[in-house]
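> sequence and computational prediction follow.
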Amino acid sequence: MPHYNIEIRNPSDPANSKVTAIIPSGLIEAYYKYDIVRFQNFWAVKHVLENTKRIFAGVRRFNDGGWCFTGRPDMWYIRENVRAPFPKDLVFAVYLNPRLYVYEARAEHVASDDEFSPCEWEDRYSALIWKSIS
Amino acid sequence: MEEHFLKDLVSVPRDSEHKPWWNPDGDCIIYQTTDEATVAERIDDILTIYVSVISEKPIGFQIKGIAAMSHKFGWAGAEVGFKERDKELLEVSLTTLLLSAYESGPKTIGRRKAYAQAFDFSPRQTSLQFNASRLSGVALC
């Protein structure tokens, strides 16, 4: 099965270059098979990767590397085929492994001091490496 | 309704039953009982609880670092619920995973409550099989 390729900010040089990330076919099929709302929210994944507001590095304790891209879609799916405004107290986080394969996408509570950072990001990630100024 | 941009990449049927599944690219196991949007409540480095944004109740979980945990802690301490061959993990029960994960961290009330929730809605007698040759970069058989 083919993967889905998507151009994103290069986390190694986010201000200046783009790179191809991959939404793996295994993740697409697993979401479709077991959790249709997550599958439908690949729209939010695409939006966040194309309109990234923050990039964090060092996101996994047991595995080296990895990145977290965050942003906020206008709308998301809350039930199958049911869309709703994305809540203001949440941020949408897309996690990529060092090979730039998306492995997780989810809503998280937003940090109290930044509308595009997940709560407790200072304790969870090794660094905030880029933030949008727009 | 607009057709989903990934629809053409899907060749599997939808499963009528919710099951835990192995995510090799994330080295994690994901299980959710209901098709609803969730917000992730991170409990510790291993366990994340998924809380429904509709009912505000926990409806799933993610266990991270499976391959790494198996290498670091091994599964022998759990004594039940796992199969291995030549020190390679072949199959492990969700209960064993949750127990091992819980025992690897501080015994706080918050963690105990969250792990108890995960136990509560975890399917019983469910084992996840691994492709042993790929455990460091793993696949669910």
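Noted; the coordinates are in hand.

> what about the closest residue to A:Y103 other than its chain neighbours, how many residues nearby?
Spatial nearest neighbour of A:Y103, excluding adjacent residues (Cβ to Cβ, 6 or more residues apart in numbering or on different chains): B:G26 at 3.2 Å. Backbone N, C-alpha and C define where each C-beta goes, glycine included. B:G26 has 25 neighbouring residues, counting by other Cβ atoms under 10 Å in any protein chain shown.

> isn't there a strand covering B:G26?
No - according to DSSP: H, G, I helix; E, B strand; the rest coil, B:G26 belongs to no strand; its state is coil.

> surely it meets A:P98?
No - the criterion here is Cβ atoms under 8 Å, and B:G26 misses it with A:P98 at 11.8 Å.

> quick one on the thing from earlier: which residues are in contact with the residue nearest to A:Y103?
A:95, A:97, A:103-104, B:64 (Cβ atoms under 8 Å, 6 or more residues apart in numbering or on different chains).

> and the furthest pair within those residues?
A:N97 and B:K64 (11.9 Å; Cβ to Cβ).

> how near is the residue nearest to the spatial centre of chain A to B:S104?
In chain A, the residue lying closest to the centroid (Cα atoms, centre = their mean) is A:V94, at 1.4 Å. Distance check for A:V94 against B:S104: by Cβ to Cβ, to the nearest Å, it reads 27 Å.

> likewise for B:D44?
B:D44 is 9 Å from B:S104, by Cβ to Cβ.

> just B:K57 next, same as before
26 Å.

> can you get me a residue count around A:H109?
There are 17 residues near A:H109, going by other Cβ under 10 Å.

> can you tell me the helix or strand for it?
Using DSSP states H and E, A:H109 sits within strand A:102-111.

> what are the buried residues along that strand?
A:102-111 (16 or more other Cβ atoms under 10 Å in any protein chain shown).

> against which helices or strands is that strand packed?
strand A:18-23, helix A:42-50, strand A:90-96, strand A:114-118, strand B:38-42 (3 or more Cβ pairs under 8 Å, 6 or more residues apart in numbering or on different chains; DSSP states H and E).

> helices and strands of chain B: which one bottoms out on pLDDT?
Each helix and strand of chain B was given a mean pLDDT (mean pLDDT, DSSP states H and E); the minimum falls on strand B:82-85 at a mean of 52.

> got the contact list for B:E41?
Here B:E41 is in contact with A:109, B:48-51, B:58, B:114 (Cβ under 8 Å, 6+ apart).

> what about the chain, any weak spots by pLDDT?
Assuming you mean chain A. A:1 (pLDDT under 70).

> the intended chain is chain B.
B:1, B:70-92, B:123-141.

> tell me which stretches of it form strands.
In chain B, the strands defined using DSSP state E lie at B:21-23, B:28-32, B:38-42, B:47-52, B:58-64, B:82-85, B:88-93, B:127-129.

> dump the residue contacts of A:S25.
Here A:S25 is in contact with A:1-4, B:9 (criterion: Cβ under 8 Å, 6+ apart).

> distance of B:A40 from chain A?
Distance of B:A40 to chain A, computed by Cβ to the nearest Cβ, to the nearest Å: 5 Å.

> in the sheet, who's paired with that residue?
Under DSSP bridges, the beta-bridge partners of B:A40 are A:E108, B:Y50.

> what is the burial count for it?
Neighbours of B:A40 (other Cβ under 10 Å): 20.

> you'd agree it is up against A:C119?
No - using Cβ under 8 Å, B:A40 is not in contact with A:C119, being 10.1 Å away.

> quick check: neighbours shared by these two?
With Cβ under 8 Å, 6+ apart as the test, B:A40 and A:C119 both reach A:E108.

> so A:A44 sits right up against A:W76, yeah?
Yes - using Cβ under 8 Å, A:A44 is in contact with A:W76, at 5.0 Å.
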